[in-house]
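# Predicted model, plus sequence, below.
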Amino acid sequence: MSEVDRLERAKGGPFTYRHGGQVRGLLSPVDMTPDAVLAVLEHGHYAFPDFPRMRAWEAAVLIERWIAHYDLPVSRDLQRLVYLLERHRNALEFDLRVHANGADLGTLWRSRQWRLLLNLIDHLPGHSHFSAAVANDEEHAKLLADAMVQRQERGEPGAKASRSLTGWTPEVAAIADLIDEVKALRHTTVMMGMDSKQPAPKPPEPYLRPGSALQDALRRAEHNRRQAAHDSLVARMLPHKRG
């Protein structure tokens, strides 16, 4: 489903469908607990009480349309959102007010606008309180990396792009390169004026550039995905070597 299709189907309001000559409806996420919504995202129609009997593919299509109708995120994204709210609620509440045009954290959560809420969080500027809090949060970095790898496997747009610190602009990068060049030139000049018997000074440290636990977690997640694909291929092609 394209992003345009998602926007087109995200109408909200009652969700109704026709089955067996009758018009039926499914609960709105607003009337469900977060755990119940997560169960539907993970297990499909089996998580709905009193779901009518129908063919499996029909039930799967119906649940997909229900998810699109309410613009819900995938289960892993919802798990990450819950994790962020439990650990960084105060910072998020403040940052959304300041940097997201006065968005209210509680209103977005209770109205189940979870995909939108997570999108706003992921686009908070690098100098926000939230960004500072999660910069070295390894558990969050792993959750985010796993979600990005899953999107890449599904072929969703932008899945290959990594999240960068918004404060690291091209201008800042150019200044950092210039500082490194000046430091290298100064180091070379000192070396040229030294006696050959004197110990050489250590090369200058490069200007500190952005880095986070996310980059390492992404590499590990990609390695694990490739390893799993390799193991699966070996198990199919060389079953006698399995285990």
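Good, I have the coordinates. Numbering: from 1, shown residues only.
# so residue 68 touches residue 4, yeah?
No: using CB atoms under 8 Å, residue 68 makes no contact with residue 4, being 11.8 Å away. C-beta: built from backbone N, CA, C; applies to glycine.
# Looking at those two, which is more packed in?
residue 68 (17 against 8; other CB atoms under 10 Å).
# burial of the residue nearest to that one when sequence neighbours are not counted, as a residue count?
Closest residue to residue 68 apart from its sequence neighbours, by CB to CB, 6 or more residues apart in numbering: residue 9 at 3.9 Å. Neighbour count of residue 9, defined by other CB under 10 Å: 16.
# Wait, residue 9 touches residue 66, no?
No: at 9.9 Å, residue 9 and residue 66 do not qualify as touching, with contact defined as CB under 8 Å.
# can you list residues touching both of these two?
Common neighbours of residue 9 and residue 66, counting by CB atoms under 8 Å, 6 or more residues apart in numbering, are absent.
# And the pLDDT for the residue most central in space within the chain?
With distances taken as CA atoms, centre = their mean, residue 144 lies nearest the centre of the chain, 4.1 Å away. The score at residue 144 is 74. That number is its pLDDT.
# Repeat that for residue 158.
Reading off the model, residue 158 has pLDDT 49.
# what's the answer for residue 240, then?
64.
# on that earlier part again, the residue nearest to the centre of the chain and residue 81 touch, don't they?
No: here residue 144 does not reach residue 81: they are 11.0 Å apart, not a contact under CB under 8 Å.
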